[in-house]
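Novice: just a sequence and a predicted model for now, questions to come.
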Amino acid sequence: MTISSDWIAIEQKYYAQTVRRQPVVIVRGEGTRVWDADGKEYLDFVAGWAVNNLGHSHPVVTQAIVEQAGTLLQTSNQFYTVPQLQLAEILIENSCLDQVFFGNSGAEANEGALKLARRYGKLHRDGAYEVITAFNSFHGRTMATLAATGQPAYQEAFTPLLPGFVHVDFNDVEAIMNATTDRTAAVFLEPVQGEGGVNIPADDYLSRVREWCDEKGLLLILDEIQTGMGRLGSLFGYQEFGVEPDVITLAKGLGYGTPIGAFLSKEYCMALVPGDHGSTFGGNALTTAAAYAGTKFLIENDIPGHARAMGDHLQRRLNELKSRFSFVKDVRGKGLLVAMEFESDIAGQLLTHANAGGLLLNAVKPNAIRFMPPLNVTAEEIDQAMSLLEDALGKI
Ligand SMILES: *Cc1c(COP(=O)(O)O)cnc(C)c1O
């Protein structure tokens, strides 16, 4: 049997070294638990990076994949397939948007939304093409989404960047107003910044941005790749803030572990026409069957409501730990997107202790850890994770 350390050596020899990984080789998952190549069990509070919203190997998703794999995998978008249309219908009927396009990842979903914004600017805003985005945002790794991402550390190695992006402080409506010109086509924001450190804006931020966009005729595009599909306690993050965006993008939790992305638009601003956009694998029968089965289960069982309750429980427990460990500076979150911030850069060290104890976490910043467990996590699993975290904190 090949043990974890052997696999890690193989990775170092053969795999492009573009990611800093934790030394954990995951071979199997069930619910909120995973097992490594040495048979060790972990509680998984990373969940595929806010992807496995129904946990690992959920029977509803597994069955949909197995059945679809034995029926039809892929046809090309030259033809209609049923799962793609079922998924389109359930997403549109449960959102404020009117039409959807499916791709394969988050970055690809954002690329499509950005193309839509440019096309909209050409048609309706006299050629306006600029998109206002926020500092500390994260929108993906492709050339356009990298330019949109307001974090110089990701960008510097790849200049010159695609032009047309203006960055302003997050949670600052006046900054958006001041940055708006005749060239502005859209405002592009995460409802809660995920990779930026779980940054939650003021309650009225998005509604004030919405008013400004209405006044100036700008599109409001929300990147819901991390916040969508129940993560914040509602099916879509915008529902938490009482606004209706013109366009949203989804990926991560949409596929329950299978690779899929989407952008959804109101009909009035769906500026793309036949020939403007496409994807060979986008909307293929396999991933849309998994996404449809998972989404149907998510909605019918009010998993977003459960996520809200579990998020409150998690934050309560984290605040208890905060009162006991003086180097914990802040606990913040919404639904099951939660962070704990420290006075100094101890997140890496903490992850090493958590791994050893059997708890998988994400270091979202050198001084902060993020919790993004499956949305159907139980209170008992949260309590177990908190006692493992307490042990790890005690070793700092
Ligand atoms: C993860 C993420 C992306 C990029 O998605 P990929 O599937 O990795 O391309 C974009 N925006 C947000 C908010 C994300 O969290």
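Specialist: Everything's here; your move. Numbers count the residues shown, from 1 in each chain.

Novice: going forward, measure contacts between C-alpha atoms and count neighbours the same way
Specialist: Will do.

Novice: which of the residues in stretch 40-55 are buried?
Specialist: 41-55 (16 or more other CA atoms under 10 Å).

Novice: list the contacts for the residue nearest the centre of the chain?
Specialist: The chain has Q226 as the residue nearest its centroid, 1.7 Å off, counting by CA atoms, centre = their mean. Taking CA atoms under 8 Å, 6 or more residues apart in numbering, we find Q226 in contact with A50, G194, L250, A251, K252, G253.

Novice: within reach of the ligand, which of those are there?
Specialist: The subset of the contacts of Q226 lying close to the ligand, counting by CA under 6 Å from any ligand atom, consists of G194.

Novice: for PyMOL, what selects the buried ones among the contacts of Q226?
Specialist: Only the buried entries of the contacts of Q226 go into this PyMOL selection, using 16+ other CA under 10 Å:
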select buried, resi 50+194+250+251+252+253
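
Novice: just the ones of the contacts of Q226 in helices?
Specialist: Among the contacts of Q226, the ones falling in helices (DSSP state H) are A50.

Novice: what's the end-to-end length of stretch 160-170?
Specialist: From its first residue to its last, stretch 160-170 covers 24 Å (CA to CA, to the nearest Å).

Novice: neighbours of R316, just the number please.
Specialist: R316: 13 surrounding residues under other CA atoms under 10 Å.

Novice: again with L206
Specialist: 25.

Novice: with Y80 instead?
Specialist: A count of nearby residues for Y80, using other CA under 10 Å, gives 11.

Novice: now T2
Specialist: Neighbours of T2 using other CA under 10 Å come to 8.

Novice: narrow the buried residues of stretch 40-55 to those in helices?
Specialist: Those of those lying in helices (DSSP H): A47, G48, W49, A50.

Novice: quick one, what contacts the second one?
Specialist: In this case it means G48. Counting by CA under 8 Å, 6+ apart, G48 touches G257.

Novice: now the one 5 residues further on
Specialist: Applying CA under 8 Å, 6+ apart to N53 gives the contacts A47, M229, R231, G253, Y256, P373, P374, L375, N376.

Novice: can you list those residues in a markdown table and add pLDDT and secondary structure?
Specialist: Formatted as a markdown table, those follow (pLDDT from 0 to 100; DSSP: H, G, I helix; E, B strand; the rest coil):
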| residue | pLDDT | secondary structure |
| --- | --- | --- |
| A47 | 98 | helix |
| M229 | 98 | coil |
| R231 | 98 | coil |
| G253 | 98 | helix |
| Y256 | 98 | strand |
| P373 | 98 | coil |
| P374 | 98 | coil |
| L375 | 98 | coil |
| N376 | 98 | coil |
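
Novice: just among those, which is most surrounded?
Specialist: P373 leads the contacts of N53 on contacts (other CA under 10 Å) with 34 neighbours.

Novice: how close does it get to R231?
Specialist: 9 Å.

Novice: which residues are in contact with each of the two?
Specialist: Common neighbours of P373 and R231, using CA under 8 Å, 6+ apart, are A50, N53, L336.

Novice: is the nearest residue to the last one once chain neighbours are set aside in a helix, a strand, or coil?
Specialist: Which is L336. Closest residue in space to L336, ignoring its immediate chain neighbours: G311 at 4.7 Å, by CA to CA, 6 or more residues apart in numbering. Three-state call for G311 (DSSP: H, G, I helix; E, B strand; the rest coil): helix.

Novice: can you find the helix or strand of the chain with the lowest average pLDDT?
Specialist: helix 152-155 (a mean of 92; mean pLDDT, DSSP states H and E).

Novice: start and end of stretch 86-106, how far apart?
Specialist: Start-to-end, stretch 86-106 (CA to CA) is 21 Å.

Novice: mind listing what E300 touches?
Specialist: By CA under 8 Å, 6+ apart, E300 has no neighbours at all.

Novice: per-residue pLDDT, it?
Specialist: Here, the pLDDT recorded for E300 equals 98.

Novice: now do it against L235, distance only.
Specialist: Counting by CA to CA, the gap from E300 to L235 is 11 Å.

Novice: which parts of the stretch 101-250 of the chain sit against the ligand?
Specialist: Proximity of the stretch 101-250 of the chain to the ligand (CA under 6 Å from any ligand atom) is limited to residues S105, G106, A107, F138, H139, G140, E190, G194, D223, I225, Q226.

Novice: the first one: neighbour count?
Specialist: Taking other CA under 10 Å as the criterion, the count of residues near S105 is 22.

Novice: may I have the phi/psi pair for it?
Specialist: Dihedral angles of S105 (phi, psi; degrees, to the nearest 10) stand at phi -160, psi 170.

Novice: thought it was touching I260?
Specialist: Yes. If you go by CA atoms under 8 Å, S105 and I260 touch, sitting 5.1 Å apart.

Novice: what is in contact with those two at once?
Specialist: Contact criterion CA under 8 Å, 6+ apart; residues shared by S105 and I260: A251, K252.

Novice: which parts of stretch 270-289 are buried?
Specialist: Within stretch 270-289, the residues that count as buried by 16+ other CA under 10 Å are M270, A271, L272, F281, G282, G283, N284, A285, L286, T287, T288, A289.
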